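Enquirer: Predicted model and sequence follow; I will ask about them next.
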Amino acid sequence: MSIFEAGMLVCFGAAWPANILKTIRSKSTKGKSLLFLLIIIAGYIFGIVNKMLYGRDIVLFLYIINVAMVLMDLVMTVYYRRREAKKK
């Protein structure tokens, strides 16, 4: 296990709940990028695949938590974008 990899995932992971909460409170997707979220998800998936192939450890759990949070943010972004489009 790499303590630095775990630290990176904890730091990134700490930011996602705040971002999700902001989306819920504002009910707006202003400033959100679907491409950015998809790139982040792809990066986490690459990390998960690496851990599955070359050495499972507790850091795998951090990757899974992070990708779940980003997926939640992606789903909410799509939902609120559709909602915003209907209002126009």
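Expert: Cool, the structure landed. What you see is a predicted model; the values in this text were computed from it and never measured.

Enquirer: C-alpha from now on. contacts and neighbour counts both.
Expert: OK.

Enquirer: Helices of the chain, residue ranges please.
Expert: Ranges of helices in the chain, per DSSP state H, are 3-26, 34-54, 59-87.

Enquirer: got a list of what the spatially most central residue of the chain touches?
Expert: By CA atoms, centre = their mean, the chain has its centre lying nearest to V70, at 1.9 Å. V70 makes contact with W16, L37, I40, I41, according to CA atoms under 8 Å, 6 or more residues apart in numbering.

Enquirer: before we move on, back to that, most tightly surrounded among the helices of the chain?
Expert: Of all these, helix 59-87 carries the top mean neighbour count, a mean of 17, counting by mean count of other CA atoms under 10 Å.

Enquirer: when you compare where that helix runs with where helix 3-26 runs, what's the angle?
Expert: 20 degrees (axes from the mean of the first three to the mean of the last three CA atoms, to 10 degrees).

Enquirer: Give me the mean pLDDT for helix 59-87.
Expert: Averaged across helix 59-87, the pLDDT comes to 94.

Enquirer: Give me the angle between it and helix 34-54.
Expert: Using the same axes, to 10 degrees: helix 59-87 against helix 34-54 is 160 degrees.

Enquirer: Out of the contacts of V70, which one has the weakest pLDDT?
Expert: Within the contacts of V70, W16 has the lowest pLDDT, namely 92.

Enquirer: Spit out the contact partners of the closest residue to it other than its chain neighbours.
Expert: In this structure, W16 finds its nearest non-sequential neighbour in M69, 6.3 Å apart by CA to CA, 6 or more residues apart in numbering. Each residue near M69 by CA under 8 Å, 6+ apart is listed here: G13, W16, P17, I20.

Enquirer: Pick the one among those closest to L60.
Expert: Closest approach to L60 among these (CA to CA): G13, at 13.0 Å.
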